[in-house]
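**Student:** Take a look and give me a structure for this.
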Amino acid sequence: MKKILEGCCETKHVHKDLLKIVDEKMPEETELYDLAELFKVFGDSTRIRILYVLFEVEVCVCDLAEALNMTQSAISHQLKILKQSRLVKSRREGKSIFYSLADEHVRTIIAQGCEHIEEV
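**Tutor:** The predicted structure is shown next:
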């Protein structure tokens, strides 16, 4: 008796009508790459912690370092990555630079991620 692999069809039958729909909707490879890169940024708990602070208030590196019990250098490194990914923005006020969320999409992405992991 032939063993059927889990997740595999018993017989091979390609549903061309369905694949046509998929092909029409599939984004370009460069867009898929950029999306994967964006999600990699969310793969670091320190960056997620920084974003949570920025959900509440606009702060400088000193404030973030104090809130997260980290060095300013470590925070700056993570902020650079978040800025390059357009998840945070900055503004200068005198000698200080204040950071905030780039837009509401960032909050939505995190909120939906939390919803997903809390599903039972």
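
**Student:** What's the biggest helix in the chain, counting residues?
**Tutor:** Criterion DSSP state H: the longest helix present in the chain is helix 104-118.

**Student:** Just name whatever secondary elements it is in contact with.
**Tutor:** The contact analysis (3 or more CB pairs under 8 Å, 6 or more residues apart in numbering; DSSP states H and E) places helix 104-118 against helix 45-56. No exception for glycine: its C-beta is placed from N, CA and C like everyone else's.

**Student:** Dump the helix it packs on to PDB, restricted to CA.
**Tutor:** Extracted in PDB, the C-alpha atoms of helix 45-56 (Å, rounded to 0.1, in the frame of the first residue of the first chain):
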ATOM      1  CA  SER A  45      12.300  42.100  20.200                       C
ATOM      2  CA  THR A  46      14.400  45.200  21.000                       C
ATOM      3  CA  ARG A  47      13.000  46.900  17.900                       C
ATOM      4  CA  ILE A  48       9.500  45.900  19.000                       C
ATOM      5  CA  ARG A  49      10.100  47.300  22.500                       C
ATOM      6  CA  ILE A  50      11.200  50.600  20.900                       C
ATOM      7  CA  LEU A  51       8.100  50.700  18.800                       C
ATOM      8  CA  TYR A  52       5.900  50.100  21.900                       C
ATOM      9  CA  VAL A  53       7.500  53.100  23.600                       C
ATOM     10  CA  LEU A  54       6.900  55.200  20.500                       C
ATOM     11  CA  PHE A  55       3.200  54.100  20.500                       C
ATOM     12  CA  GLU A  56       2.800  56.300  23.600                       C
END
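
**Student:** just for this structure, where's the confidence low?
**Tutor:** 1-4 (pLDDT under 70).

**Student:** One more pass at 80, please.
**Tutor:** 1-10, 120 (pLDDT under 80).

**Student:** Sketch out the helices for it, chain order is fine.
**Tutor:** Applying DSSP H to the chain gives helices spanning 16-25, 29-41, 45-56, 61-68, 72-84, 104-118.

**Student:** closest to residue 91 out of those helices?
**Tutor:** For the helices of the chain, the distance to residue 91 is smallest for helix 72-84, at 11.9 Å, taking CB to CB.
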